[in-house]
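Colleague: Turn this into a model:
(2 chains)
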Amino acid sequence: MTEALIVRGLDKTFTRPAVMDLDLTVHAGELYALLGPNGAGKTTTLRMVAGLTRPDKGAISIFGIDALADPAAAKAITAWAPDEAMVYDRLTPLEYLEFVAGLWNVEPKAAKARAEDLLGKLGLAAEARTRCEGFSRGMKQKVALAGALIHDPRLLILDEPLTGLDAAAARLVKDMLQERVDAGGTVILTTHILEVAERMADRIGIIAGGRLLAEGTLDALRGQAGEGRGSSSLEDVFLQLTANGAGGDAA
Amino acid sequence: MTLAAPGSIPWLLAHEMRLYWRNFRAGRAGKGARGLVSLVVVAAMLLAGGVLAALGLRDVQVPINPISISLAALASAVTFTLMLSQTLSASSEALYERGDLDLLFSSPIGPAKVLFVRSLGVAGGVITIFLILVTPLLLPSVIWGHPGWIGVFGVLGALALASTAVGLLLAMALFALIGPRRTRTVAQVMAALVGAAFFLVSQTRTILGAQQSNSLFAEITRQAQEGRLHPAPVMSLPLRAMLGEPLPLLALLAGSAALFALAALTLGRRFSDAAAATQGKTAARPARGETRRAFAAGPFLATLRKELLLIGRDAALLSQVLLRVLYLIPTALLLSRNAAQGTGAALAGGAGVVAFLAGQVAGSLAWITLSAEEAPDLLAVSPARIRTLRRAKIAAALVPVALFLVLPIAVLTWFAPAAGAWTALGATLAAWSSGLINIWHQRPGKRSEFKRRGGASWMATVAEMLVSALLAGATGIAVAGFWPWALIPLGLAGAALLSLRRSDAQIARNLRTR
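Modeller: Below is the predicted model:
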């Protein structure tokens, strides 16, 4: 099986240790949910994978590319969408997508067609030429998601992608992510909505105190938590594992 | 806070002052000892000027005659327009900056009270700036021999109240006339025009084609000497108030306070309605012209296009640039006329001014394009090379400078080709240098926080002025025909740039530590 992401021995300390000796493997074509309580180190981990934060120690490989040695090559096949949408208030969604496509060097004609397609799918066709400054948080999230998808990344990293979305928009985004995974794409996401992870994720990683406490399918996690197979929800498993393993010293 | 009843005007005012103070402290944070030293140096220089003025003016009694009355009235009018420029801008921004307005308007506190306190905040903000400048200059004279001159502070207070009232009225009138979408842009542009109004009026003879610029001061003096100056009695009020005469001072203060109260209290309901109407209105503005054009290819062109779009849509930035362009118009006209008539010295000075302004405008724009990046993480996660992005941002800052310089330089080159070439070279060097300084000394922040250049790096601002001034000097000397001597300021500018230079690693380290 091809590995989309291999993280080994990742360490990061700010004023306190944020991530400690973290190992993580995400297979190509799977949806991986990284869960953890607030301050567990999820975002720091994903920022290091996206090339935004340099780890103190460790190795990151994205589809076989050493992301620390050749960040540009790794970034070319990766997309990152944080919980705070990275959009420009005074640009329209179409102008924003033009800019993002330019950053990833997408061929202009193909980029424009893809931008219009994505905005249509995300229900933003009518607002494609309206500046983002008055958009709701959910609309901005959708614009940012379109930006993350404009260059058709092999690895899509999403930090709390459903924050601020209404029920219909959340459903739309979940469907798009599922379609992407079904088509062979790889998605890593963090979420506090455990039902989403339970229903969508192929595998789940639970992180607390900067360390990976458990990893696997929901059934495997139930086993690690000492719960009976199929008898408990992810919420029970999550609470059980984080209660047992949280060190509480992560940033 | 607890001394006043919750919900009362003093209570709200205390809340505003606390926020203002904390914002000021947050703005000062990070400037550290260097920032404090620069403040102390500036204050000491102003105070030294004030002491010298006090010693020189100790035995001077200001006469109340047509010249002094006219000059005091003129100074008051200039101060009023400068204050109005700020209060108009602040009043329109108050409508758009949500901040705690939603919270205040959703509370049982009446909108009139909220506007009254906000308006006091605007007036307080504008008078604080003038007091900081005027106090060290004036206080020594007040202490040594002219206690009556304390009336100047009263006149400043009256002008601040009146300019706030007019600023509010203008902002609300604009809102009613052109709606929420355009008010902010038009108000910012109007503020720039009002701020430059007296400069432009004083230069009308230059603009309209007189032989040379003639200051209003010289004109007033000449008219007085010829016995043609007869100011109306009411025009003596500012001078008498400044000299400490109680009745004129009280009259000015009472009149301004009444105007302020009238505007602030009567506009309360309209203000809250207008503020509510601004919610989301700007979003409904469709961008024109991009429907059918192709996407830009590659990171350079895409970033260039994005930065130019953002510059074009930034009302506050445009007004700052417009202000500098307005200052350039009389200089450019004078330059062209002198070039046509072969007036060497004036030509050299004008060429220097063009180069200096090119550096300053490019600096302002480069500072915005480089430092005010709203989505730095987006750039960081992209595979685009940082140097490519920087080049695109600098190019975006230089395009508008080139556009507004092309005409005056073309005219100049037509009449005096060598002078035109030197001016073009000097302006290009000054603009490029400002761009480089802004690359080396970036101070990232959100675009919305970049209304004032105060957010920029202290080092970048001072260095930019210094290098622009040196290159302006070199340009002027070269245009005057002494080009070998121009190598001296040019070399000094080069040395300054070398000392300011930072490697990519140093820039990255500096950005990481912020």
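Colleague: Report the central residue of chain A.
Modeller: residue A:158 (2.3 Å; C-alpha atoms, centre = their mean).
Colleague: In terms of helices and strands, where is the closest residue to it other than its chain neighbours?
Modeller: If the residues on either side of it in the chain are set aside, residue A:158 comes closest to residue A:189, at 4.2 Å by C-beta to C-beta, 6 or more residues apart in numbering or on different chains. Using the backbone N, CA and C atoms, a C-beta is placed for each residue, glycine as well. Per DSSP states H and E, residue A:189 falls inside strand A:186-190.
Colleague: Name the residues of the helix or strand that that strand is followed by that come out as buried.
Modeller: Later in the chain than strand A:186-190, the nearest helix or strand by DSSP H and E is helix A:194-200. Going by neighbour count (16 or more other C-beta atoms under 10 Å in any protein chain shown), the buried part of helix A:194-200 is A:194, A:196-198, A:200.
Colleague: Not counting helix A:194-200 itself, show me its contacts.
Modeller: For helix A:194-200, contacts defined as C-beta atoms under 8 Å, 6 or more residues apart in numbering or on different chains pick out A:31, A:33, A:35, A:162, A:174, A:177-178, A:189, A:191, A:204, A:218, A:233-235, A:238.
Colleague: Just to be sure, which of those residues are found in helices?
Modeller: Cross-referencing the contacts of helix A:194-200 against helices under DSSP state H gives A:174, A:177-178, A:218, A:234-235, A:238.
Colleague: centroid residue for chain B?
Modeller: Geometric centre of chain B, nearest residue: residue B:320, 6.2 Å, by C-alpha atoms, centre = their mean.
Colleague: Can you give me the separation between it and chain A?
Modeller: From residue B:320 across to chain A, the span is 16 Å (C-beta to the nearest C-beta, to the nearest Å).
Colleague: can you tell me the helix or strand for the residue lying closest to that residue once chain neighbours are set aside?
Modeller: Nearest residue to residue B:320, sequence neighbours excluded (C-beta to C-beta, 6+ apart): residue B:364, at 5.9 Å. Element membership for residue B:364 (DSSP H and E) is helix B:344-371.
Colleague: Which parts of that helix count as buried, going by neighbours?
Modeller: So, applying 16+ other C-beta under 10 Å, buried residues of helix B:344-371: B:346-371.
Colleague: from the middle of its chain, how far away would it be?
Modeller: Centre-to-centre, helix B:344-371 and its host chain are 15 Å apart (C-alpha atoms, centre = their mean, to the nearest Å).
Colleague: Buried ones among the contacts of helix A:194-200?
Modeller: The neighbour-count test (16+ other C-beta under 10 Å) marks A:31, A:33, A:35, A:162, A:174, A:177, A:189, A:191, A:204, A:218, A:234, A:238 as buried among the contacts of helix A:194-200.
Colleague: Next, give me the two most distant ones among the residues you listed.
Modeller: The span of the buried ones among the contacts of helix A:194-200, defined through C-beta to C-beta, is set by A:177 and A:238 at 20.3 Å.
Colleague: Return the worst-scoring helix or strand of chain A on mean pLDDT as PDB; C-alpha atoms alone will do.
Modeller: Lowest on mean pLDDT, DSSP states H and E among the helices and strands of chain A sits helix A:234-245, with a mean of 77. In PDB, the C-alpha atoms belonging to helix A:234-245 read as follows (Å, rounded to 0.1, in the frame of the first residue of the first chain):
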ATOM      1  CA  LEU A 234     -16.500   7.000  19.100                       C
ATOM      2  CA  GLU A 235     -17.300   9.500  21.700                       C
ATOM      3  CA  ASP A 236     -17.100   6.800  24.400                       C
ATOM      4  CA  VAL A 237     -13.900   5.500  23.000                       C
ATOM      5  CA  PHE A 238     -12.400   9.000  22.700                       C
ATOM      6  CA  LEU A 239     -13.300  10.000  26.200                       C
ATOM      7  CA  GLN A 240     -12.000   6.700  27.500                       C
ATOM      8  CA  LEU A 241      -8.600   7.000  25.700                       C
ATOM      9  CA  THR A 242      -8.000  10.700  26.400                       C
ATOM     10  CA  ALA A 243      -8.900  10.200  30.100                       C
ATOM     11  CA  ASN A 244      -6.400   7.400  30.300                       C
ATOM     12  CA  GLY A 245      -3.600   9.000  28.300                       C
END
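Colleague: List the contacts of it.
Modeller: Taking C-beta under 8 Å, 6+ apart as the rule, helix A:234-245 contacts A:35-37, A:40, A:194-195, A:197-198, A:204, A:206, A:208-209, A:211, A:213-214, A:218, A:221-222, A:224-227.
Colleague: Just the pLDDT for residue 198.
Modeller: All of this refers to chain A. Residue A:198 carries a pLDDT value of 85.
Colleague: could you do chain B instead?
Modeller: Residue B:198 is given a pLDDT of 71.
Colleague: Distance-wise, check it relative to residue B:191.
Modeller: 14 Å (C-beta to C-beta, to the nearest Å).
Colleague: Could you check which of those two is surrounded by more residues?
Modeller: A count of neighbours by other C-beta atoms under 10 Å in any protein chain shown puts residue B:191 above the other of residue B:198 and residue B:191, at 28 against 17.
Colleague: In chain A, where is pLDDT below threshold?
Modeller: Where chain A drops to pLDDT under 70, the residues are A:1, A:227-231, A:244-251.
Colleague: Which residue ranges of it form strands?
Modeller: Along chain A, counting by DSSP state E, strands occupy A:3-13, A:17-27, A:31-35, A:57-62, A:65-66, A:78-81, A:155-159, A:186-190, A:203-208, A:211-216.
Colleague: wait, does the longest helix belonging to chain B contact chain A?
Modeller: Secondary structure of chain B per DSSP H: the longest helix is helix B:151-202. No: using C-beta under 8 Å from any C-beta of the partner chain, helix B:151-202 never reaches chain A; the gap is at least 10.5 Å.
Colleague: helices and strands around that helix, which ones?
Modeller: helix B:66-96, helix B:111-143, helix B:236-242, helix B:246-266, helix B:268-277, helix B:315-341 (3 or more C-beta pairs under 8 Å, 6 or more residues apart in numbering or on different chains; DSSP states H and E).
Colleague: Point out the most buried one among those.
Modeller: Most buried of the helices and strands packed on helix B:151-202, by mean neighbour count (mean count of other C-beta atoms under 10 Å in any protein chain shown): helix B:236-242, with a mean of 24.
Colleague: what does the stretch 151-251 of chain A put close to chain B?
Modeller: Going by C-beta under 8 Å from any C-beta, none of the residues of the stretch 151-251 of chain A are near chain B.
Colleague: ok, so what distance separates residue B:13 from residue B:19?
Modeller: 11 Å.
Colleague: Sorry, slip of the keys, the one I care about is residue B:190.
Modeller: Residue B:190 is 27 Å from residue B:19, where distance means C-beta to C-beta.
Colleague: who's more crowded, these two?
Modeller: More neighbours surround residue B:190 than the other of residue B:190 and residue B:19, with 20 against 13 (other C-beta under 10 Å).
Colleague: check contacts around that one.
Modeller: So residue B:190 contacts B:88, B:170, B:174 (C-beta under 8 Å, 6+ apart).
Colleague: Save these as a markdown table, and put in distance to residue A:183 and pLDDT too.
Modeller: Shown next, in a markdown table, are the contacts of residue B:190 (distance: C-beta to C-beta, whole Å; pLDDT from 0 to 100):
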| residue | distance to residue A:183 | pLDDT |
| --- | --- | --- |
| B:88 | 55 | 84 |
| B:170 | 57 | 87 |
| B:174 | 52 | 83 |
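Colleague: Nearest to residue B:138 among the residues you listed?
Modeller: Nearest to residue B:138 among those, with distances taken as C-beta to C-beta, is residue B:88, at 26.2 Å.
Colleague: Cool, thanks, signing off.
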